[in-house]
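K.L.:
sequence and computational prediction follow.
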Amino acid sequence: MNNYKLITKQNLHSFFDALQPKNTIIAPKEINKKYYFKPVDKFEDIALDYIQTVLSAKSVLFPRSDTLFNYHRADGDYNIDEPSPIEKNTIVFGMKPCDASSFVYLSNFFLKDYQDKNIKERLEKLYIISLSCKEADNACFCTSVGSNPASTKGSDLNLTLIENDTYYVEVVTEKGQELINYSADLFQDTKEIDKSKYIANVPQKFDVEQAKQNIDSIFESPLWVKDSLACLGCGICAYACPTCTCFDIQDIGSQFNGSRVRNWDSCAFDLFTKHASGHNPRPVQSQRWRNRIKHKFEYSVENLGLISCVGCGRCIRSCPTSMNIVKTVQIFQGV
């Protein structure tokens with residue numbers, strides 16, 4: 001579904017006030033001149049004029065540490081207690097379109113073959129209000145991976161600031177209409193408009209189809225070694241990435257009481273693929289860097305039909321040695 005509305009910034013404030021009492025609202029918030037997704041109680045705390053947050057909102061659906069169940073032993077038997085049901089809906093308010101599209105990949109990854117209970121429940125109670133990008137920086141490359149600064153993919157509502165403190169609102173899903181219904185009188189019906197003059201210009205930096213074909217054919221290329229020499233294996237690219245899904249599962253506690261917990265992990269770590277025997281099929285960093293790139297543009301396409309890169313640029317901004325996934329893809333596109 002798609003229908004179109006207008007709302008003034010003043011009425012957007014009132015819309016937030018209508019949503020806030022019955023929902024948990026997560027939004028970008030400025031902290032020490034950087035932006036992070038945090039729970040907010042006041043509209044004034046939301047950053048509406050920002051390029052990108054340090055970390056994505058991935059943890060709303062896929063937390064850094066996620067308790068799968070608790071266990072305790074009594075009378076010789078083990079009792080399993082699953083996490084309590086989520087009481088409130090969660091609204092992510094003001095995420096960028098690249099981040100919204102990442103939730104399409106995350107939901108496919110966790111629900112396509114096996115219905116992950118925790119993820120499914122969070123997704124059912126998740127509402128996404130995205131905000132089109134008026135500005136971009138050199139790290140942004142959404143247009144290179146088939147998206148754009150005003151994409152509605154993964155969003156329930158998309159807001160585009162057009163003029164005179166007025167937002168053009170696209171109601172993308174039934175969930176989006178549910179949100180509108182909280183205060184329908186704050187919105188004015190309108191026709192579809194051309195958003196292109198109101199959004200950032202993000203130049204296309206590579207041909208993703210050509211890159212996919214070439215990356216598939218150069219598994220043994222010495223270029224992987226040269227391209228990965230700066231990699232420290234710190235994993236910040238994976239932790240900042242909105243679509244990275246590597247995890248480890250650990251039991252915390254004793255044989256009598258404890259929890260089974262799923263924690264974020266990274267294929268950049270040398271222990272990630274190390275077997276109990278001591279053998280490691282990816283013993284050097286160039287192989288781990290190759291795996292990351294091929295996963296983004298080849299393996300995820302084979303498994304889910306989706307590129308697992310949304311062009312947000314966080315890995316570029318956060319890398320301590322200035323490694324750049326765009327430059328890597330450009331190199332291999334030209335092979």
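P.N.:
Right, received. Where do you want to start? Residues are numbered from 1 along each chain as shown.

K.L.:
from now on I want contacts and neighbour counts done on CA atoms only, so please keep to that.
P.N.:
Will do.

K.L.:
in the protein, what spans have low per-residue confidence?
P.N.:
Along the chain, the model assigns pLDDT under 70 to residues 1-2, 335.

K.L.:
one more time with 80
P.N.:
Under the criterion of pLDDT under 80, the regions of the chain flagged as low confidence span 1-2, 216, 334-335.

K.L.:
determine the longest helix present in it.
P.N.:
Taking residue count as the measure and DSSP state H as the definition, the longest helix of the chain comes out as helix 97-111.

K.L.:
touching, Lys212 and Glu298? I think so.
P.N.:
Yes: between Lys212 and Glu298 there is a contact at 6.2 Å, judged by CA atoms under 8 Å.

K.L.:
picking up where we left off before, check which residues of the longest helix of the chain are buried.
P.N.:
For helix 97-111, burial by neighbour count (16 or more other CA atoms under 10 Å) applies to 97-110.

K.L.:
quick check, nearest of these to Ser130?
P.N.:
Minimum separation from Ser130 among the buried residues of helix 97-111 (CA to CA) is found for Pro97, which lies at 5.8 Å.

K.L.:
I'd say that closest one and Leu159 touch.
P.N.:
No: applying CA under 8 Å as the test, Pro97 and Leu159 come out as separate, 9.8 Å apart.

K.L.:
any common contacting residues for these two?
P.N.:
Taking CA atoms under 8 Å, 6 or more residues apart in numbering as the criterion, Pro97 and Leu159 both touch Ser130, Leu131, Ser132.

K.L.:
select from those the one having the most neighbours.
P.N.:
Counting neighbours by other CA atoms under 10 Å, Ser130 leads the shared contacts of Pro97 and Leu159 with 29 neighbours.

K.L.:
what sits against Phe256?
P.N.:
Contact partners of Phe256, counting by CA under 8 Å, 6+ apart, are Tyr71, His72, Arg73.

K.L.:
ok, Phe37 next?
P.N.:
Contacts of Phe37 were listed using CA under 8 Å, 6+ apart, and they are Ile26, Ala27, Pro28, Lys29, Thr53, Leu55, Ser56, Ala57.

K.L.:
could those residues go into JSON lines alongside secondary structure, distance to Tyr4 and neighbour count?
P.N.:
Written out in JSON lines, the entries for the contacts of Phe37 read as follows (DSSP: H, G, I helix; E, B strand; the rest coil; distance: CA to CA, whole Å; neighbours: other CA atoms under 10 Å):
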{"residue": "Ile26", "secondary structure": "strand", "distance to Tyr4": "24", "neighbour count": "22"}
{"residue": "Ala27", "secondary structure": "strand", "distance to Tyr4": "23", "neighbour count": "25"}
{"residue": "Pro28", "secondary structure": "strand", "distance to Tyr4": "24", "neighbour count": "29"}
{"residue": "Lys29", "secondary structure": "strand", "distance to Tyr4": "27", "neighbour count": "21"}
{"residue": "Thr53", "secondary structure": "coil", "distance to Tyr4": "27", "neighbour count": "21"}
{"residue": "Leu55", "secondary structure": "coil", "distance to Tyr4": "30", "neighbour count": "19"}
{"residue": "Ser56", "secondary structure": "coil", "distance to Tyr4": "27", "neighbour count": "24"}
{"residue": "Ala57", "secondary structure": "coil", "distance to Tyr4": "26", "neighbour count": "25"}
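
K.L.:
contacting residues around the spatially most central residue of the chain?
P.N.:
Note on the chain: the residue nearest the mean C-alpha position is Pro242, at 2.8 Å, using CA atoms, centre = their mean. Going by CA under 8 Å, 6+ apart, Pro242 touches Leu55, Ser56, Ala57, Lys58, Asp99, Ser102.

K.L.:
Arg288 too?
P.N.:
When contacts are counted by CA under 8 Å, 6+ apart, Arg288 touches Cys267, Ala268, Phe269, Asp270, Arg282.

K.L.:
including distance to Trp224, secondary structure and neighbour count, could these go into TSV?
P.N.:
Formatted as TSV, these follow (distance: CA to CA, whole Å; DSSP: H, G, I helix; E, B strand; the rest coil; neighbours: other CA atoms under 10 Å):
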residue	distance to Trp224	secondary structure	neighbour count
Cys267	16	coil	22
Ala268	14	coil	26
Phe269	17	coil	18
Asp270	17	coil	17
Arg282	13	coil	20
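
K.L.:
and these as a markdown table, adding distance to Gln330?
P.N.:
Listed next are the contacts of Arg288 as a markdown table, based on distance: CA to CA, whole Å:
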| residue | distance to Gln330 |
| --- | --- |
| Cys267 | 22 |
| Ala268 | 21 |
| Phe269 | 25 |
| Asp270 | 26 |
| Arg282 | 24 |
